[in-house]
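A.B. asks: The following block contains a protein sequence and its predicted model.
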Amino acid sequence: MDKSKRKSKRSFRRRLPPIQSGDRIDYRNMSLISRFISEQGKILSRRVNKLTLKQQRLITISIKQARILSLLPFLNNEKQFERTESTAPRS
């Protein structure tokens, strides 16, 4: 009987939210926006970001606005524009 009534107590640290209450989600706030973009320039998912639905929508809209205003690149592929010797035309 003792074992069935016992509940395991797990200690865990509550993670701090990625966006504080004072942070303003805006297309001009590049330090905030850049935390939610992958190295390739993709918008990270809500599960990865640990954001609420409302915060994720606002982040997505502000990233898209920043891209349209050329504050952020649409793609971040530096390797795409490099030419290797094997692809160079032969004479």
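C.D. replies: Received, thanks.
A.B. asks: Report the separation between Asp23 and Lys50.
C.D. replies: In this view, Asp23 and Lys50 are 14 Å apart by CB to CB, to the nearest Å. Every residue, glycine included, has its C-beta placed from N, CA and C.
A.B. asks: likewise Thr60?
C.D. replies: 15 Å.
A.B. asks: How about Leu58, nearest residue that isn't a chain neighbour?
C.D. replies: Ile25 (4.3 Å; CB to CB, 6 or more residues apart in numbering).
A.B. asks: pretty sure that neighbour contacts Ile59?
C.D. replies: Yes. The pair Ile25 and Ile59 passes the contact test of CB atoms under 8 Å, sitting 6.0 Å apart.
A.B. asks: and the two? which has more neighbours close in?
C.D. replies: Ile59 (23 against 20; other CB atoms under 10 Å).
A.B. asks: contacting residues around that one?
C.D. replies: Taking CB atoms under 8 Å, 6 or more residues apart in numbering, we find Ile59 in contact with Ile25, Ile33, Phe36, Ile43, Asn49, Leu51.
A.B. asks: C-terminal to the helix or strand containing the second one, what's the next element?
C.D. replies: Ile33 belongs to helix 30-33 when elements are defined using DSSP states H and E. The helix or strand immediately downstream of helix 30-33 is helix 46-49, counting by DSSP H and E.
A.B. asks: residues making contact with that following helix?
C.D. replies: Helix 46-49 has contacts (CB under 8 Å, 6+ apart) with Pro18, Phe36, Leu53, Gln56, Ile59.
A.B. asks: Now a PyMOL select for only the buried ones of those.
C.D. replies: Buried residues within the contacts of helix 46-49, by 16 or more other CB atoms under 10 Å, are selected in PyMOL with:
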select buried, resi 36+56+59
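A.B. asks: min pLDDT across the contacts of helix 46-49, which one?
C.D. replies: Per-residue confidence across those is lowest for Pro18, with 80 (pLDDT).
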